[in-house]
Every structure is written in structure tokens, then in C-alpha cells.
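K.L.:
output the structure for:
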Amino acid sequence: MRTLQEFLPLIRRLGPREAVCWSNGFRTWTSTYADLHGAIGAVINHFEEIRISKGDRVLVVAENQLEWIAVFWACVARGIEVVPVDYRFSRELIKRIEGESKPKLIVDNQYLDRLSKLPPTPNLNCADVGPDDIVEIVYTSGTTGDPKGVVHRHRNVCSNLNPFVSEIAKYKKWARPFQPIRIADLLPLSHMFGQSMGLFIPVILEGSVVMTTEIHPQRIIRLIRDNRVTVAVCVPRILENLKNAVEKLSSIATHSRFGWKFWAFVVGGARLDPELESFWTQRRFVVVQGYGLTEASPVVAVNHPFHVRHGSLGKVVPGQDVTIAADGEILVRGESVTTEGEWLHTGDLGEIDAEGHLFFRGRKKDLIVTPDGLNVYPDDVERVLNSFPKVRASAVIGTDHVHAVLILEDPNTDVAAVIQQANEKLESHQRIRTWSIWPHDDFPRTPSTLKIKRQEIARQLAGSVATAQPEVPELGAMSSLERVELLSSLEEQYQTEFDEDSFSRLTSTAQLSEWIRQSTTTGQSVESRSELSDWARSFPFRAMRTAFQRALAVPLFRALIPLKVNGLENLERLQTPVIFAANHTSHLDTPTILTALPLRWRSRLAPAMSKDHFRPYFEPEGFPRWKVLFSGLTYMLACTLYNTYPLPQQMAGARRALRYTGELINRGFCPLVFPEGNRTRDGAMLPFRPGVGMMAVRLRIPVVPIRIKGLYEIYSIHDWWPRRGPVEVSFGKPMTFGENARYEDAAEKLETEIRNL
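P.N.:
Next comes the predicted model:
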């Protein structure tokens, strides 16, 4: 392989095979290689229209998704230089990178959303590209926090990939029964390790890549299980979080939790603690360590998945030379290294054994040299400190002596006693002389690989470090959707999944701060569950429901109530799934819409009903037994006859319900929602709640507006029995909203459209 353009014919040839699976936590999208190929062609046409051509630069600062991949391959096809940037970088840093790289176009999440709406193009108009042409300029952020741009040419990346192409070819025929081989890439595509395992290796394997925007352990486990993932690619910090989520489970239970197709982790980007590696290998998972650098494009050494050496970074990739300098530093050179024939000084310390396995021994710049001339590797001291249950995390810094910085599980811990116990396990030159308590919940880390920024810790300790808890907003002034967004942001910050039910009961900022402290110190993860109406979508109930609707419900409704239907032409070319949104006038709204819909839509309809209406069934405490039984009976009857599902309005679980709505959409069902939340009391439409906007934006799905007229006069909230009279149902044109749209604005536009029908 001489240039990355050689991947493009393979992408076309793989056509109907699964290529990309992407989840945003609420919904999952799956695309084939044909979809990817068409998206690449669409982006190429777009670049031509806006006159971006070979030699120009495109800065991509966005989350992993299909369109990100399409932009990358479109740039490869046209000889455009990609500048991938981690979307979690600060605005100031992104501005600095923009100033240095001078891109002709900046692609963010909103721009990718626009590109996703372009019509697919089957033919790729490629430019003439050679091995010395630039593929990308990758900005790397190390522990110093000072990023630098590294220029990668086709020959650098291809040289790194060629050994993998040859090795994978040996096993392709054995892999066929296990296809599609799915690789869960939990790293950003702006990172070279993430690119290698997300853009290149899946295509070489003729498998697919699975990506998500969330890295909470329980969400990752569900992603792996639900999508039947084969291998997960991550950094050690994520592997540690996953360990915390399953460490009380047996080996069999852990495999069951991940799914039986999953068998291996590929880990890189930072040092892997040997005890963490042992935890997973004891549970019969393969842990494949590797070693690489951005400047090496990126892999330097890697373990063979079928011949893993415990504790080792693996053997050096063919085509590269690795040597250990006199001071222990790992030096690398080769065709994939961007330093043009010179030895690349990695800044890492290592050893190579007699069999050629590379071992990591620490960071050279983090090395502490004692007055006696003895070396102390911070990783060794941190491993001892982290073995104490009272220490949540530690970072060791210093110049001529060891200084430990601790994050404690309990702020009342006797630190001096912990240090004394640690020193008893350390060599005399490794012993801790001074220590500090870090006032925050985590250390500063690099965005992609989550390495501890020891120099940043030292800088902050040298100045003034605030000891206050992180500032949190006032809960009393927040709407329910703002609380949903707050909970998601807290989970992103603390990299854990909080208990949504207990969060819903918080009423003040003080309670929130204490709740966060208790939740993070106990280390308990919560696995949210789907709601209890899945049985209603099983084959027997679907058959029963279809028979009931066709033989009784629809004919009876048409016989008793004259129904006029407008706008069915708006559904003719529309593909499932969509969200139907209607004004709420009566308990007969759902049967009316069901009767008005054509047969192909009727079987896919999933009306949302207020979960709060069935509170005695879901929260039986405090209700008499007869009310619990009656509530349960009506709930099951509604699910059986109309394929309904519960959607909370005031009760806990709003975000869980949104995720369940996404699961229904993934299965091809079309939710029917009533954005007013309650039936009208006077015939006039109530203001729409922003929840429907959140659904449309986060689930990235068209919304079909529906206006119902006449039902209020027939069977209003004040009536105990319906009367006969004319009813009119109007279907509007589907509406779509960009992922950066405000939920309130989306709901307001939908409300205006329905009022105008």
C-alpha cells in the first residue's frame, strides 16, 4: 500500500456490509459501506462546490460519527489536508491551532449535521495523490498541555499499516464465521490511535466500527452487549472504570454482562497497571497492549492478539527500529516516523527483553532523581498508593524527592498513617517525604488519552489551589429538561452513571453537592433499565394487536365517527421511522390517528402515554391494592391493544424514557407524542413542552405534525361518554431540526406548524 486512496475501492466493494454504528446515548445509527461510500462522494461534491481542492486544509473539530469518517476519506480522495482536533479542547486552544494551520474550512458538529443531509453520490472524483503528499496534521497534547502539529504523509501512515494488512490476511478466512467483526472505538478520531482502530483496521478486517459519545462504564457495557461488539479499544482509565463496574461479578457473569461475542480489549495511550491487566485476564478476557506515538503514525509495538505477553507492550512493528538509549529512553526510527530518518526521542523509558518484547518503565521527564543519584519512577510509587482503599487516586511529582498528591475516598482519613504504610512497601529511595491533598474530584488529564498532567499539578500546587467544591447550579430554578442535561454533564465530568431516581428527588444545590460526593466516593454504578412494555412488541402480541385493530377497532371507529383525513401525500415518500406529534384533545386521540393512518404506518405506531397516569402500578407504595391492580390492568391493556409505552412527565426517569424512545426508533417504530402534556380543558391548544424538541434534536429524526379537530366536541375531558360527530385529522410536512437547535425553539416551531394545519 502506497497511499490511503487504496482503501476507497475496498470501501466500495464491501457495499452492503455494516461499516459504522454510532450511538449518542439516546439512539443508535447503523450504516453500511455503501452508505459510507455515498457519503464520501457527497462530501467530495460539496468540497468542489465550495472550491476546496488539493493542498487546502480542513480543520475537523467534532464528535465521532459517520460524517466525520466521510469527511476524512473525502479529503484523502481529493488530496486535501485534514487537521483533526479533539472537540474537548478549549476554545482558546482550538483558535490557536486554527491560527497555526490556517484551514480553508472548519467542520464542527453543526457542519457535519448539514453534510448528513446531502444526497449520496456513488462515483468518487479522486485527485492524483502520491506517497509524499500530506494526509493530515495532528495536534497532540501531552502531559505538558502544550500541543504541537505533527505532519503525516501517505507513506508514513501506509508504512505503519502494511504489517497489519499482511498479518490480518493470514486470518481472514477464519474470521468469516464471526463477521461482522465489530470494533468499539472509545477514542476520538482526532487521536492517531483512535484513527488507526476506527478508520483503517475495521476496513482491513472487512468489519465495522462502533462509536459512542459517552464513556460512562455502564453505557459502554450496554453498547458492547447490544451491538455484539468483538473488541473494544480504549485507554487504561476507561478500563479501570469498567473494572469498577463489574469487579463484584464472577467471570461468567462479567462475560454475560458484556455479551458472549466480546473477548478482547486493545489498550494504549498510557501505561497500563499490571494489576488492572491481571484483573481482566483472570476473567478470561484478552488484553492487547500496544505502544505508539503520534509522531510514529502511530504504532511502535503491539502484542499479537493470539500471543499476548503479560506486562509487555508487545514486539516492535516490522519496518521500525527501536533502541534503548544509555539513559533508558526509547528511541524510534523508520518509514512511519515523521522525523525523516532521525531517531525519535520518545521521552519514555523502557526495556527490551531477549525475545524482543518492549516494556514500559516510565516517563523520562517525570523521572525523579534523588540526591544519591537514584531514579524514582512516579508510576511505581503511585501503584503502591493506589492499592490502599482510602486513596481514590494519586499523582507523584518532584525534582529531588518524592511528593505525593492524593485524592481521598474519605476527607477524614489519617493521611500520615497512609503515607507511613506506603513507605513500608517502598524502597528507601522511593519513600514519600511530603504530600498534598488535591481539592478536586480528579486530576487534570489530557483530553484523548486521559493521562495525568503532572506538570500542571505541580504548577497549581506552587500557586494557589482552591479548596471549594465545584460550583453547581441552583436546582430550584431548573426545568426538567435542564435537569436532564445537568445529569448528563455530571456523568461526563465524573465518568460514571448516577442514579436518576435519587437525582430526581434533589431540591437544592446543597443536596446536589452532598449527593455528588456520596455517589462518587461509594463508587457505585447504576445500570438503568428499559421500561416494562417490551413484551408488547413480541410476535404474539403484535399478531393479537393487528387482528384486533383490523377486525374491530378501526372498522368500529369508522362506522361510529365520520372521519376526514388531509395531508396523506406528506407520508407517501417518507420512510420509517419518524415521530408523530399531535395536539391533545381527548382520550380518543390515539384511536383517531391510528384509524387515519395507512396500514403500513399503523403497524409501526407506538403511542406514548403518561407514565404518571399509572403511578400506582410503577410506584405501588402508599396506594391501596385495588388501585395498584386496576392501574396495572389498564396499563397492560393499553400496551397490548395499541402498542403504547410509558413516558414520564413529572416522575423520575425522563432521560431513561428518552433513551427507550430511541430504542423503539432503532427497531423501526414511530413514537406518537402529545407535546402539550395534558388534554385541553377548553378546546384551545396548550403551549408545547420542550421535551418534543429534545426528542427531535437528540434523536435526529423527522417529526410529522398532526392537527386533530372535532374530538373535543365529541369526547372532551369533561365528558364521561363520547357523542357522534365529524372529526378531521391533518398530517403536515415532516420537520427536521439540526443537532444544535434549542429544544424550546424546535417545540415552538412545531407548535406553530400544528396550529396552522
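K.L.:
which non-adjacent residue is nearest Gly677?
P.N.:
Distances taken as C-beta to C-beta, 6 or more residues apart in numbering put Arg689 closest to Gly677, at 5.2 Å, once the chain neighbours are dropped. For every residue, glycine as well, the C-beta is placed using N, CA and C.
K.L.:
ok, Asp410 next?
P.N.:
Lys390 (6.4 Å).
K.L.:
so the one you found sits against Ile407, correct?
P.N.:
No: the criterion here is C-beta atoms under 8 Å, and Lys390 misses it with Ile407 at 10.5 Å.
K.L.:
could you pull out the helices for the stretch 601-750 of the chain?
P.N.:
For the stretch 601-750 of the chain, the helices defined by DSSP state H, counting those that start in this stretch occupy 615-618, 625-642, 654-666, 691-699, 711-714, 743-756.
K.L.:
quick one: closest of these to Pro217.
P.N.:
With distances scored as C-beta to C-beta, the stretch of the helices of the stretch 601-750 of the chain nearest to Pro217 is helix 654-666 (16.2 Å).
K.L.:
mean confidence for that closest one?
P.N.:
When pLDDT is averaged over helix 654-666, the result is 80.
K.L.:
after whichever strand or helix holds Ile69 comes which helix or strand?
P.N.:
Ile69 is part of helix 66-78, with elements assigned from DSSP states H and E. Going down the chain from helix 66-78, the next helix or strand is strand 81-84, by DSSP H and E.
K.L.:
which secondary structure elements does that following strand contact?
P.N.:
Taking 3 or more C-beta pairs under 8 Å, 6 or more residues apart in numbering; DSSP states H and E as contact, the helices and strands that strand 81-84 lies on are strand 57-60, helix 66-78, strand 134-140.
K.L.:
the shortest one: how far from the chain's middle?
P.N.:
Between the mean C-alpha location of strand 57-60 and the chain-wide mean there is a distance of 23 Å, by C-alpha atoms, centre = their mean, to the nearest Å.
K.L.:
which residues are contacting that strand?
P.N.:
By C-beta atoms under 8 Å, 6 or more residues apart in numbering, the surrounding residues in contact with strand 57-60 are 52, 68, 71-72, 75, 80-85, 97-98, 101-107, 137, 190.
K.L.:
in ChimeraX, select just the buried ones from the residues you listed.
P.N.:
The following ChimeraX line selects those of the contacts of strand 57-60 that are buried, judged by 16 or more other C-beta atoms under 10 Å:
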select :52,68,71,72,75,80,81,82,83,84,85,97,98,101,103,104,105,106,107,137,190
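K.L.:
where does the stretch 301-450 of the chain have low pLDDT?
P.N.:
Within the stretch 301-450 of the chain, the segments meeting pLDDT under 70 span 369-374, 399-400.
K.L.:
please, where are all the strands along it?
P.N.:
Under the criterion DSSP state E, counting those that start in this stretch, the stretch 301-450 of the chain contains strands at 314-316, 320-324, 329-334, 344-352, 357-363, 368-369, 375-376, 391-397, 402-408, 432-437.
K.L.:
tell me which of the helices and strands packed on strand 81-84 lies nearest to Thr254.
P.N.:
For Thr254, the closest of those is helix 66-78, at 30.9 Å, according to C-beta to C-beta.
K.L.:
for that closest one, name the packing helices and strands.
P.N.:
Counting contacts by 3+ C-beta pairs under 8 Å, 6+ apart, helix 66-78 is packed against helix 7-13, strand 18-23, helix 33-49, strand 57-60, strand 81-84, helix 109-115.
K.L.:
could the strands of the stretch 301-450 of the chain go into CSV alongside mean neighbour count?
P.N.:
Shown next, in CSV, are the strands of the stretch 301-450 of the chain (neighbours: other C-beta atoms under 10 Å):
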stretch, mean neighbour count
strand 314-316, 21
strand 320-324, 16
strand 329-334, 21
strand 344-352, 19
strand 357-363, 20
strand 368-369, 18
strand 375-376, 20
strand 391-397, 22
strand 402-408, 21
strand 432-437, 16
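K.L.:
quick check: domain ranges of the protein?
P.N.:
Domains of the chain are assigned by automatic domain parsing as 1-151, 214-365, 368-460, 475-522, 534-756.
K.L.:
could you dump those into a markdown table and include distance to Val157?
P.N.:
Shown next, in a markdown table, are the domains of the chain (distance: least, C-beta to C-beta, whole Å):
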| stretch | distance to Val157 |
| --- | --- |
| domain 1-151 | 6 |
| domain 214-365 | 5 |
| domain 368-460 | 18 |
| domain 475-522 | 31 |
| domain 534-756 | 30 |
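K.L.:
all helices of the stretch 51-200 of the chain, in order?
P.N.:
Counting by DSSP H, counting those that start in this stretch, the helices of the stretch 51-200 of the chain are 66-78, 91-101, 109-115, 154-169, 172-175, 192-195.
K.L.:
pLDDT on the longest one, on average?
P.N.:
So the one you mean is helix 154-169. Averaged across helix 154-169, pLDDT comes to 96.
K.L.:
and it, how far out from the chain middle?
P.N.:
Centroid separation between helix 154-169 and its chain, computed with C-alpha atoms, centre = their mean, is 28 Å.
K.L.:
now the closest residue to Glu753 other than its chain neighbours, which residues is it bridged with?
P.N.:
Leaving aside its sequence neighbours, Glu753 sits nearest to Pro705 (C-beta to C-beta, 6+ apart; 4.6 Å). Under the criterion DSSP bridges, Pro705 forms beta bridges with Ala581.
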